[in-house]
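J.: Need the 3D shape of this:
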Amino acid sequence: MQEFDFILIGAGSAGAVLANRLSANGCHRVLLLEAGGTDRRLFVQMPIGYGKTYYEKSVNWKYHTEPVAALNNKPSYWPRGKVLGGSSSINAMVYVRGHPQDYEDWAVTAPGWSWADVAPVFKRMESWDGVQHSQRGTDGLLSVHSTHDEVHPLCNHFIDASQQLQIPFNPDYNSGDMEGAALFQITTQDGWRGSTARCYLHPALSRKNLTLKTKAQVKKLLGSGSKFDRVEYRQNGKDLTAKARAEIIVCAGSVNTPQLLELSGIGNPDNIEAHGIKTIHNLPHVGENLSDHLGGDIVCKSRLPSLNEELRPLSGKITAGLKYLFGRKGPLSLSVNQAGGFIRSQPDSDRPDLQIYFSPLSYTRAPVGTRPLVNPDPFAGFLLGYNPCKPTSIGYTHIQSNDPFEAPAIQPNYLTTEHDRHLMLEGMKLMRRYMSTDVMQKLVEKEVYPGESIQSDDELNQFISENAWTVFHPCGTCRMGTDRNTSVVDERLKVHGITGLRIADASVFPSIPTGNTNAPAIMVGERASDLILEDYRV
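T.: You can find the predicted model right below:
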């Protein structure tokens with residue numbers, strides 16, 4: 001059995017960050033275990049390649065939720081990264097810090113996580129190449145790219161339509177005021193995807209004190225009473241064990257982290273013992289408090305050219321490929337979510353309550369897994385979408401057996417609150433107000449779906465039930481707080497009542513942030529490294 005100072009489980013958005021930071025001083029031996037394989041794949045490294053990895057089993061856990069009552073009793077498909085970089089290697093790369101009030105909310109139950117605490121961490125981790133601002137970082141490890149000069153011309157029509165709706169243009173939603181229409185900032189580096197694997201992990205792999213093992217899935221944590229110091233994992237068909245002299249840090253994500261805790265006997269006995277696992281440590285909220293952003297969208301046929309014509313035909317794919325191959329430019333170097341913004345649809349909201357997405361490309365939804373997103377519709381089209389920023393519907397995820405290789409049950413409980421149902425409907429009505437602007441009236445040839453026949457609230461609600469989709473931001477399943485009766489980890493990310501075990505990933509979020517969750521997950525990795533190194537000064 002090999003021994004290390006720190007064992008990290010999961011080389012994802014936070015785990016790759018910790019691997020870099022904990023090994024930087026050369027004083028600590030660090031083992032990083034990743035269930036997936038290498039990120040050295042073209043469709044992982046190419047920014048728009050997530051349209052293919054969306055369904056690629058070799059880099060994706062490809063989870064499905066339980067049937068959701070509000071979605072006509074259908075399951076929701078949840079792609080999650082199973083590869084170096086985790087979901088930062090297969091996501092749409094949109095970089096959003098969140099609203100300052102989000103972190104003031106966190107600090108109510110988790111002191112030390114206020115905006116004043118986390119803003120310097122965001123600044124430290126960024127290498128921002130846009131217009132300089134005192135709140136933005138320029139020499140961090142995470143590459144954050146301004147797309148202002150590269151987005152498709154259709155994005156300008158979206159910005160103009162926003163202004164006709166009295167939604168001003170915001171040149172940088174990550175400094176100062178978050179509200180307004182915007183061109184999304186993305187995590188790319190010189191035309192490549194700027195995942196945490198690229199920005200944090202690969203530069204650290206030459207260090208002799210950092211050991212990486214891929215395709216090494218952790219089966220359970222081992223310990224007794226209040227201390228866990230070993231992990232059992234399977235690699236190449238063999239069961240192996242490693243020991244942590246200082247700590248184990250679980251960074252496996254909002255689905256896999258609570259699954260691993262329950263497999264190890266940590267959680268609610270009602271959820272564990274039914275599967276023949278002895279409860280070693282009673283923590284009732286493991287796997288609870290699941291929150292996710294649910295979205296809706298409109299697809300329109302455009303009178304002007306869109307990315308569809310560039311990316312659907314073989315000739316267009318070849319042209320785009322050549323642009324990318326010889327200059328790391330063109331549509332393959334960007335996200336398809338190129339524009340959007342954050343708006344306050346309700347006058348009493350204390351922060352934006354709807355996030356908007358504009359893609360100068362359309363892909364009329366087909367059954368899950370039937371075609372990759374890199375095959376857009378056979379007409380000039382675009383997609384205008386949205387999601388409520390602070391949903392109040394809460395779900396859960398729990399193991400279904402004692403088999404570590406069986407996916408857990410995931411129930412997001414979408415749209416179980418009046419707040420969420422109201423905002424989903426308001427979002428769809430906002431999309432229609434966009435369609436009514438002079439700018440869009442001149443641009444839109446036809447609303448493909450929902451279609452003009454869908455008008456009443458009842459009809460729109462039915463459309464939402466049939467077509468709403470996850471925006472892939474699950475979080476909160478091992479949330480942080482000082483009260484062990486309502487949380488799983490304390491404000492220093494230590495699992496309540498256990499020595500030698502921390503969690504650092506999106507599962508610790510006390511509540512869901514306003515916006516995309518990848519930047520906050522990376523921030524948690526950075527903040528966790530500060531806390532751990534404070535405890536183990538050399």
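J.: switch to C-alpha atoms for all contacts and neighbour counts from now on
T.: Fine.
J.: and stretch 305-319, how far from the chain's centre?
T.: Mean C-alpha position of stretch 305-319 versus that of the full chain (CA atoms, centre = their mean, to the nearest Å) differs by 28 Å.
J.: Need phi/psi at Lys74.
T.: Listed backbone geometry of Lys74 is phi -100, psi 150, with angles given as degrees, to the nearest 10.
J.: if I look at it, how far off is Asn413?
T.: Lys74 sits at a distance of 12 Å from Asn413 (criterion: CA to CA, to the nearest Å).
J.: Ser254 now?
T.: Here the criterion is CA to CA. By it, Ser254 lies 15 Å from Asn413.
J.: again, but for Asn236
T.: With distances defined as CA to CA, the gap from Asn236 to Asn413 amounts to 37 Å.
J.: Please identify which of these two sits among more neighbours.
T.: Asn413 (22 against 10; other CA atoms under 10 Å).
J.: how many neighbours does the closest residue to Pro408 other than its chain neighbours have?
T.: Once flanking residues are discounted, Pro408 sits nearest to Ile399: 4.3 Å by CA to CA, 6 or more residues apart in numbering. For Ile399, the neighbour count with other CA under 10 Å is 25.
J.: show me the contacts for Ile399.
T.: 259, 262-263, 271-272, 407-409 (CA atoms under 8 Å, 6 or more residues apart in numbering).
J.: hang on, the earlier thing: what residues do Lys74 and Asn413 have in common as contacts?
T.: Applying CA under 8 Å, 6+ apart, one finds that Lys74 and Asn413 are jointly contacted by Val68.
J.: can you give me the strands for the stretch 251-400 of the chain?
T.: For the stretch 251-400 of the chain, the strands defined by DSSP state E, counting those that start in this stretch occupy 266-267, 281-282, 294-302, 339-343, 354-359, 381-388, 396-398.
J.: packing partners for the fourth one?
T.: Strand 339-343 sits against strand 180-183, strand 354-359, with contacts defined as 3 or more CA pairs under 8 Å, 6 or more residues apart in numbering; DSSP states H and E.
J.: angle of the last one against strand 294-302?
T.: This means strand 354-359. Between strand 354-359 and strand 294-302, the angle comes out at 40 degrees (axes from the mean of the first three to the mean of the last three CA atoms, to 10 degrees).
J.: which helices and strands does strand 354-359 pack with?
T.: With contacts defined as 3+ CA pairs under 8 Å, 6+ apart, the secondary structure elements packing on strand 354-359 are helix 154-164, strand 339-343, strand 381-388.
J.: I'd like the average pLDDT over it.
T.: Strand 354-359 shows an average pLDDT of 97 in the prediction.
J.: Neighbouring strands - and their directions - for it?
T.: As defined by DSSP bridges, the strand partners of strand 354-359 come to strand 339-343 (antiparallel), strand 381-388 (antiparallel).
J.: buried ones in that strand?
T.: Along strand 354-359, the positions that meet the burial threshold by neighbour count (16 or more other CA atoms under 10 Å) are 354-359.
J.: and of these, the nearest to Tyr386?
T.: Ile356 (4.3 Å; CA to CA).
J.: Can you get me a residue count around the closest residue in space to the closest one that isn't next to it in sequence?
T.: The shortest distance from Ile356 to any residue that is not its chain neighbour, by CA to CA, 6+ apart, is 4.3 Å, and that residue is Tyr386. By other CA under 10 Å, 26 other residues sit near Tyr386.
J.: Please apply the same query to the one 10 residues further on.
T.: Burial of Tyr396 is recorded as 20 neighbouring residues (other CA under 10 Å).
J.: which residues touch it?
T.: The neighbourhood of Tyr396, defined by CA under 8 Å, 6+ apart, consists of 287-290, 410-412, 477.
J.: could the strands paired with strand 354-359 be laid out in CSV, adding mean pLDDT?
T.: Rendered in CSV, the data for those read as follows (pLDDT from 0 to 100):
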stretch, mean pLDDT
strand 339-343, 98
strand 381-388, 97
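J.: Looking at the ones you listed, which is nearest to Ile512?
T.: Short answer: strand 381-388, nearest of the strands paired with strand 354-359 by CA to CA, at 10.9 Å.
J.: what does that closest one rub up against?
T.: Strand 381-388 has contacts (CA under 8 Å, 6+ apart) with 293-302, 305-308, 353-363, 420, 423-424, 427-428, 431, 471.
J.: make it 7 Å
T.: For strand 381-388, the surrounding residues in contact (CA atoms under 7 Å, 6 or more residues apart in numbering) are 293-302, 306, 308, 353-362, 423-424, 427, 431.
J.: nearest to Gly15, of the strands paired with strand 354-359?
T.: Each of those has some distance to Gly15 by CA to CA; the shortest is strand 381-388, at 27.6 Å.
J.: what angle separates that closest one from helix 154-164?
T.: Compare the direction of strand 381-388 with that of helix 154-164 by the same axes, to 10 degrees and you get 50 degrees.
J.: could you dump the lengthiest strand in the chain to PDB, C-alpha only?
T.: Scanning the chain for the strand with the most residues, using DSSP state E, yields strand 238-250. The C-alpha coordinates for strand 238-250 follow below in PDB (Å, rounded to 0.1, in the frame of the first residue of the first chain):
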ATOM      1  CA  LYS A 238      -7.100  -4.700  -9.900                       C
ATOM      2  CA  ASP A 239      -8.300  -3.500  -6.600                       C
ATOM      3  CA  LEU A 240      -5.600  -1.300  -4.900                       C
ATOM      4  CA  THR A 241      -5.300   0.700  -1.700                       C
ATOM      5  CA  ALA A 242      -3.600   4.000  -0.900                       C
ATOM      6  CA  LYS A 243      -3.100   5.700   2.400                       C
ATOM      7  CA  ALA A 244      -3.200   9.500   3.100                       C
ATOM      8  CA  ARG A 245      -1.000  10.600   6.000                       C
ATOM      9  CA  ALA A 246      -2.700  14.000   6.100                       C
ATOM     10  CA  GLU A 247      -6.000  14.100   4.200                       C
ATOM     11  CA  ILE A 248      -8.200  12.700   1.600                       C
ATOM     12  CA  ILE A 249      -9.900  15.400  -0.500                       C
ATOM     13  CA  VAL A 250     -13.000  14.300  -2.500                       C
END
